[in-house]
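predicted model, plus sequence, below.
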Amino acid sequence: MIHIETRQAVIKFQLARSLFGRAFYYTSAYLVDGLLVDTGCAYTVSELLGALDGHAVHTIVNTHAHEDHIAGNAAVQERFGAAVLAHPKALPVLADPASRRLRLYQRVMWGYPAPSTGAVLGNVVETPRYRFRVIHTPGHSIDHICLFEPHEGWLFTGDAYVGGTDRALRADYNIWNILESLRKLADLDSSCLFPGSGTIRENPREELLAKIRYLEESGGRVLDLHARGWSRRRIREEVFGSEGAIAWFTMGHFSGLNLVRSYIEDRPIFRELSHTKAPPNK
C-alpha cells in the first residue's frame, strides 16, 4: 500500500505491506531533487518503483540498514543507476542482508531485502539545488544518520525520532544514545521534520524537546526505583504500565522490560540526572 504527498519540494512515499486489506506499520521514503531518502521494505518495492516513474533518482541515502528502509535499493539502483550511500557500518548489511537474521515478525511485516551495493556516506550530500548535512544519530541503530538542509530547514530523521510516549524498546536499541541523538536534532534550526513513519512535523523543535523531557523524566523514575531495590518488572509496571500487544507480537523483542533494562544497563557512567547530582562542595 502506498500514499503519496508533496510537501514543499519533497515527495513523500508512505509505504506498508497490506494484510487482509489493511496496511500495517508505515515506513516512508522521500524524494527531493533526485535524492531518495530510504526505500521501504521488500513487500513495497514494486509500488515504490511505479511511483517513481517519470522522476529522476541519482542518489539513495539510507538513514540506517534496517530491513524496512533498504529493500528498494537494488531495484532503484538497477532502474536509475543511482548511487547508494550509507554509514560505513550499514554497508555490510546492504551487501548481504541475510547476514542479519530476521525474527518471525520482521519476516512477516517487512521481509528480507535484496542485496545492494553501497558506498560510504560523507559529511555532506549535495544535489543540484540543495546541500544536506549528515548527522550521526545512533541509538535506534549504531549506523543511523539524519540529513539536514539548513537553508530550507528540512530534517530527515529516519527512525531517530518517533512521536508519542515510548513504553517499549527493542532489545538492541540504546535509550541513552537515542536521547543524545534527539538533543543533537533539537539544537538544529529545523522548520520541517520528515520522519520514517511519514507523519511530517512543522516547526518540530518543541516536539523534539517534549520527547527529550519525557524520556529524561522516565529515566529518572526508573533509576530512582532501581536504586531503591525494585525489580525490573515492578519498575516497568510502575513507570510504563503492563506490556502492550507489541511485546506479544514480537515475542518480547519490543517490550517495556527492554526499556527498563536499557535505562539501567546502558547508562553512561559519566551521566548523572539532575535530581541525583550531589550538592556542590562548600
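Alright, I've got the coordinates.

so who does R205 touch?
Shown here is R205, whose contacts under the criterion Cβ atoms under 8 Å, 6 or more residues apart in numbering are A186, S190. No exception for glycine: its C-beta is placed from N, CA and C like everyone else's.

against L155, how distant is it?
Distance, R205 to L155, using Cβ to Cβ, to the nearest Å: 10 Å.

which residues do these two both contact?
In the contact map built from Cβ under 8 Å, 6+ apart, the residues linked to both R205 and L155 are S190.

for L15, grab the count of nearby residues.
Using other Cβ atoms under 10 Å, the number of residues around L15 comes to 29.

what does the one 10 residues further on give?
Y25 has 13 neighbouring residues, counting by other Cβ under 10 Å.

and if you look at the one 3 residues further on?
Close neighbours of S28, defined as other Cβ under 10 Å, add up to 26.

distance of it from A171?
According to Cβ to Cβ, S28 stands 24 Å off from A171.

make sure S99 is actually in contact with L91.
No. The pair S99 and L91 does not pass the contact test of Cβ atoms under 8 Å, sitting 11.6 Å apart.

look at those two and report which has more neighbours.
In terms of neighbours (other Cβ under 10 Å), L91 is the more surrounded of S99 and L91; the figures are 21 against 9.

which non-adjacent residue is nearest that one?
Taking Cβ to Cβ, 6 or more residues apart in numbering, and ignoring the residues beside it in sequence, L91 has G118 as its nearest neighbour in space, at 5.0 Å.

again with L155
The shortest distance from L155 to any residue other than its chain neighbours is 4.0 Å, reached at S190 (Cβ to Cβ, 6+ apart).

so where do the strands sit in the stretch 1-150 of the chain?
Counting by DSSP state E, counting those that start in this stretch, the stretch 1-150 of the chain forms strands over residues 2-7, 10-19, 22-32, 35-37, 59-61, 83-86, 118-120, 124-126, 131-136, 145-149, given from the N-terminal end onward.

what residues of the second one count as buried?
Buried positions in strand 10-19, judged by neighbour count with 16 or more other Cβ atoms under 10 Å: V10, I11, K12, F13, Q14, L15, A16, R17.
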